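Novice: Quick one, what's the 3D model for this:
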Amino acid sequence: MIFFKPKKINPLDFFINDFIDIHSHLLPGIDDGAKDLDTSIALILKMQSYGIKNFITTPHVLGDLYPNTPKIINNKLEELKNELKNRNIKDINIRAAAEYMMDENFSNLLQNKDLLTLKDNYILVEMSYLSAPINLFDILFEIQLKGYKPVLAHPERYLFYHNNMNTYNKLKTSGCLFQLNLLSLTEHYGKNVQKISNKLLDQNMYDFVGTDTHHIHHLNTLKNICTKKTLKKIEHLLINNKKFI
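Specialist: I've put the predicted structure just below:
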C-alpha cells in the first residue's frame, strides 16, 4: 500500500487573518524561551513571515526557577516593544500574560489575584510533566471560585494521562479549557503525544491553540503542520483564538 504525504501549503494560507498566538516564550531572558532581544526579534520576524502578527506571549511563572512577576514581565514587554519600534518593525501586536505552574506559589498568587490573564479572566496554567498536583481538582475549583477560567496548556503532553482518557473528560467537566500545542500535531514531542492530540481533536476536546514557541527550531518544525487536511481539522480552533484579540 502506498501512503501519500499531505501536500503542504504556504503558512500564509494556513494562519488565517487575525490569528492570535496565545502561548509563546518571546520575552528576552526571563525563562527558557528567547535568551535576548535579538532572539526575540528573530522569532517574531519568522512568525510574521508565516502570517502570525498577533501575540499574547506567556513567560513561565515557576517557583524559584522563573520567579516572574507582573512587573518583571511588563518591563520586558516594554523593552521588546521599544526594540520593535527602534527597528521599524510594524504590523506586530504583542502583549503579555503568563504560563502559571499550578504549584504552591501559584496558590498564593491566586489568593492575592496577582495574575496576568490572557484576556479578561482567562489564565494559562500548566502542571509538571512528571505528575499532576495531588490537589489538582481543588486548584481548578479555587481558580473558578476566584472568578477565573483555567486554560490548560498542552494537555496532550501529560504522559501520565495517556492511558486514562477519562481524566481528560473529568478535567473538562471541572471547567478546564484545553489549549493544543500546534507542534503536537507533528512528532516533535513524540508519536504518543501526536496520537493523543489527534484523539482529543477527534473528540472535540480542544478550545484553543498555541505555538508554544521557545526557539527557532520550533518554528522550522511548525511549517510541517501547514496542510489543507490539518487546516480543515483545526480551523475552528484558529478562529476560537480570535476571542483574545
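
Novice: so residue 192 makes contact with residue 160?
Specialist: No. Using Cβ atoms under 8 Å, residue 192 makes no contact with residue 160, being 11.6 Å away. Any C-beta I mention is one placed from the backbone N, CA and C, and that applies to glycine too.

Novice: outside of the helix or strand of the chain with the lowest mean pLDDT, which residues touch it?
Specialist: Counting by mean pLDDT, DSSP states H and E, the chain has its least confident helix or strand at helix 104-112, which shows a mean of 94. The contact list for helix 104-112, computed with Cβ atoms under 8 Å, 6 or more residues apart in numbering, reads 61-63, 100, 115, 125, 139, 142-143, 146, 148.

Novice: CA atoms of that helix as CSV?
Specialist: Provided in CSV are the C-alpha atoms of helix 104-112 (Å, rounded to 0.1, in the frame of the first residue of the first chain):
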residue,chain,number,x,y,z
GLU,A,104,2.1,26.3,46.0
ASN,A,105,3.4,29.6,44.7
PHE,A,106,0.5,29.8,42.2
SER,A,107,-2.0,29.2,45.1
ASN,A,108,-0.5,32.3,46.8
LEU,A,109,-0.7,34.4,43.7
LEU,A,110,-4.3,33.2,43.2
GLN,A,111,-5.3,34.2,46.7
ASN,A,112,-3.9,37.7,46.0
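
Novice: Beyond it, next helix or strand please.
Specialist: strand 122-126 (DSSP states H and E).

Novice: quick one, that next one and helix 104-112 angle?
Specialist: 160 degrees (axes from the mean of the first three to the mean of the last three Cα atoms, to 10 degrees).

Novice: pLDDT, neighbour count and distance to residue 230 added to the contacts of helix 104-112, as TSV?
Specialist: Below are these laid out as TSV (pLDDT from 0 to 100; neighbours: other Cβ atoms under 10 Å; distance: Cβ to Cβ, whole Å):
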residue	pLDDT	neighbour count	distance to residue 230
61	98	30	31
62	97	20	31
63	93	12	36
100	98	25	29
115	97	20	33
125	98	24	26
139	97	20	33
142	97	17	36
143	98	24	31
146	97	14	36
148	98	20	31
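
Novice: Give me the contacts around the helix or strand hosting residue 43.
Specialist: For residue 43, the enclosing helix or strand under DSSP H and E is helix 37-49. With contact meaning Cβ under 8 Å, 6+ apart, helix 37-49 is reached by 11, 21, 24, 26-28, 34, 53, 55, 79-80, 83-84, 87, 89, 91-92, 94, 211, 213, 215-216, 219.
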